[in-house]
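Trainee: Next one to model:
(2 chains)
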Number of protein chains: 2
Amino acid sequence: MHKRFLEVELPIIQAPMAGVQDGELALAVASAGGLGSLPCGMLSAEQLTAELTQISQQTLAPINVNFFCHTPPKPDPEIEAQWRATLAPYYAEFGLDPGNIPKKASRQPFSHEMADALEPFKPRIVSFHYGLPEESLLQRVKGWGSTVLSTATTVAEAAWLEAHGADGIIAQGVEAGGHRGMFLSKDVTTQIGTFALIPQIVQKTDLPVIAAGGIADASGVRAAFDLGAAAVQIGTAYLLCHEAKTRAVHRTALKSDAIHHTVLTTLFSGGAARGMVNRIIQELGPMPDVAPPYPLASAALAPIRSAAEAAGSGDFSPLWAGQNGTGCREVSAVDLTQDLMSEL
Amino acid sequence: MHKRFLEVELPIIQAPMAGVQDGELALAVASAGGLGSLPCGMLSAEQLTAELTQISQQTLAPINVNFFCHTPPKPDPEIEAQWRATLAPYYAEFGLDPGNIPKKASRQPFSHEMADALEPFKPRIVSFHYGLPEESLLQRVKGWGSTVLSTATTVAEAAWLEAHGADGIIAQGVEAGGHRGMFLSKDVTTQIGTFALIPQIVQKTDLPVIAAGGIADASGVRAAFDLGAAAVQIGTAYLLCHEAKTRAVHRTALKSDAIHHTVLTTLFSGGAARGMVNRIIQELGPMPDVAPPYPLASAALAPIRSAAEAAGSGDFSPLWAGQNGTGCREVSAVDLTQDLMSEL
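Mentor: Residues are numbered from 1 along each chain as shown, chains lettered A, B, ... in the order given. I've put the predicted structure just below:
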């Protein structure tokens, strides 16, 4: 019934991973028959147009364009000041002027401006993180005939997404790397493992369920299908691929023992996300009260991260990874995609 | 290669669940062809002899006898006093005399005294929680020809167990209900989901791996096998079975919305364990610094729990459950066991 609802040959989505990939990875996955994804939440409208123009010149296959749809919090000068005070020793360590932290363009929610840029391309698959955009935006997207996916981290979120017009549910188990798509609660104890999440969401909704979190190889794909998934979404395994833009410090960490210990942390953006433990997580704790709400925490940290990375250190970088790094391979994403599907 | 290493027809272990079951559940599972388990960590040597005598009169099938093998901490009067001070409002609420809290016999580690009681029965399967017992004890057990299983919650624990003489590894994903078998670290961020844990342990060891955590039905069993498991261990699904001794407040919670939110908590014993959120967890937090180390926290809480349960309330009870309660059914464990294996 849900066969080929992703409109591609293979029931696999390459997870959109803002900051570590662009259209090159998406195109490679598409050429192998999977659904490549373009993370758009950190692009301007101009950048989005440029990326989609380039992609459309190179493939006729569908590409999943992914946006955030959080409600931006109002910046609170007191919270921001406390956050910067917490980071002060690091500014000092790297010789940075804490009075001169650039206002970093942050993660932006999907907007009519972005919809304007998107509309000429009438993308066949549009996915969201943090729920769904407001009704007028959602109806624009659906009006183009796009299939709309969004992420659920709990059974309640899956039911909400179905009631509010999603066409498919990405069930994100707690194993998954990167940002949790949670939007009905900020309580991380509500986040459950893939093995428990998939069957419960499959039972609860009539929509096709895409399993995410901990899937690293062909046997994992098969297991996800056993649990009732109609497709899988895989991120971590693609991070070492030739076509990914994963930075050197991140690649190094993925190939080290650091991959064996990931945590949910709010340090890097204010939103809970899974990454490898590094120095700043060890020193401040993964979820300090002092971090401003998503996505505001990233701005004050950015210059420290940049200085550390320039010195070859990932001590202050978000080293996103899921709990199963065994699928990471330094190969083309074309080969990886085909291998992932080899047992189906 | 690992076929029938559990010496029973079906590759399924009914998880030993101290406090909610006795030999009756184990016998029912055994009669269906699975491996029933008897939790022995809260029994005296005399009780153990009585239970095993009764079981051996009713079946020739193997039964898994399960023991704890933690190193008991030295009680610290200051920590204990702080814990009781934290609980003082509850003593007052139930009219309990905080100066008269009975010294509760607590969870005991496996000992030569227990081995003496066990030896005449030469059990074919002996499993441990919290690592393995010291060498002389382990050698006694292995000397009877027993197959020795223990629980790993991380890849490192699996490697340790293999190096120290285990014959099989129970890979306990973070979804699992009840006590985490963690023994190399107390850091709960090291605990990973079943979907990520099983394949990594399978890759790391040559021993048969028994998957635990989040498995609730036949499709879950099949998925666990896809991930490389040689058998499965299932607990939560048995909690409503006729043959379980699950108390009324616990059964009521399992059938309520409470099943949708479990947390890892140290409140009830001092050791991290997964249970449904109830009043004491909400009021003190699931992992308060003030809880004495495993297994000491339980003594001071016991009279409060008893008083509350006598009033029909599970507000202070450990309501153990895993993250996937969809398998709980009020049926015989014989039928449940057979249904769990129906897709293999």
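Trainee: in the stretch 101-250 of chain A, what spans have low per-residue confidence?
Mentor: Applying pLDDT under 70 to the stretch 101-250 of chain A picks out residues A:104-105.
Trainee: Is residue A:148 within a helix or a strand, and which one?
Mentor: Per DSSP states H and E, residue A:148 falls inside strand A:147-152.
Trainee: So is that strand next to chain B?
Mentor: No. Using CB under 8 Å from any CB of the partner chain, strand A:147-152 never reaches chain B; the gap is at least 13.4 Å. The way it works is simple: take the backbone N, C-alpha and C, and place the C-beta from them, glycine included.
Trainee: Now the next helix or strand after that strand - C-alpha only, PDB.
Mentor: Counting by DSSP H and E, the element after strand A:147-152 in chain order, helix or strand, is helix A:155-163. Written as PDB, here are the backbone C-alpha positions of helix A:155-163 (Å, rounded to 0.1, in the frame of the first residue of the first chain):
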ATOM      1  CA  VAL A 155       3.600   8.300  19.700                       C
ATOM      2  CA  ALA A 156       1.900  11.600  20.700                       C
ATOM      3  CA  GLU A 157       3.900  13.500  18.100                       C
ATOM      4  CA  ALA A 158       3.000  11.000  15.400                       C
ATOM      5  CA  ALA A 159      -0.700  11.300  16.200                       C
ATOM      6  CA  TRP A 160      -0.400  15.100  16.100                       C
ATOM      7  CA  LEU A 161       1.400  15.100  12.700                       C
ATOM      8  CA  GLU A 162      -1.300  12.800  11.200                       C
ATOM      9  CA  ALA A 163      -4.100  15.000  12.500                       C
END
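Trainee: how about the strands of the stretch 1-150 of chain A, start to end?
Mentor: A:12-14, A:36-39, A:63-68, A:125-129, A:147-152 (DSSP state E, counting those that start in this stretch).
Trainee: quick one on the thing from earlier: now the strand holding residue A:148, how far from the chain's geometric center?
Mentor: The chain centroid and the centroid of strand A:147-152 are separated by 13 Å, computed with CA atoms, centre = their mean, to the nearest Å.
Trainee: quick one: contacts of that strand?
Mentor: A:5-7, A:64, A:124-132, A:138, A:141-142, A:157-158, A:160-161, A:165-172, A:181, A:201, A:210, A:212 (CB atoms under 8 Å, 6 or more residues apart in numbering or on different chains).
Trainee: residues touching residue A:112, list them.
Mentor: Applying CB under 8 Å, 6+ apart, the residues contacting residue A:112 are A:136, A:137, A:140.
Trainee: and the stretch 101-250 of chain A, which of its residues are near chain B?
Mentor: Neighbours of chain B within the stretch 101-250 of chain A, by CB under 8 Å from any CB: A:155-156, A:173-175, A:189-190, A:192-197, A:199-200, A:203, A:213-217, A:219-220, A:222-224, A:226-228.
Trainee: mind listing which of the residues you listed are in helices?
Mentor: Counting by DSSP state H, these place A:155-156, A:194-197, A:199-200, A:203, A:219-220, A:222-224, A:226 in helices.
Trainee: Would you list the buried entries among those?
Mentor: A:155, A:194-197, A:199-200, A:219-220, A:222-224, A:226 (16 or more other CB atoms under 10 Å in any protein chain shown).
Trainee: Go through the residues you listed and say which is closest to residue A:292.
Mentor: Checking those against residue A:292 with CB to CB, the nearest one is residue A:197 at 28.7 Å.
Trainee: ok so, going back, the contacts of strand A:147-152, buried ones only, as a PyMOL selection?
Mentor: Selection command for PyMOL covering only the buried members of the contacts of strand A:147-152, criterion 16+ other CB under 10 Å:
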select buried, chain A and resi 5+6+64+124+125+126+127+128+129+130+131+132+138+141+157+158+160+161+166+167+168+169+170+171+172+181+201+210+212
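Trainee: in the one helix or strand residue A:250 maps to, what counts as buried?
Mentor: Using DSSP H and E, residue A:250 falls within helix A:248-254. Counting neighbours by 16+ other CB under 10 Å, one finds that the buried residues in helix A:248-254 are A:249, A:250, A:251, A:253, A:254.
Trainee: Of all pairs in those residues, which one spans the longest distance?
Mentor: Farthest apart among the buried residues of helix A:248-254 - using CB to CB - are A:249 and A:254, which lie 9.9 Å from each other.
Trainee: contacting residues around residue A:305?
Mentor: A:316, A:317, A:318.
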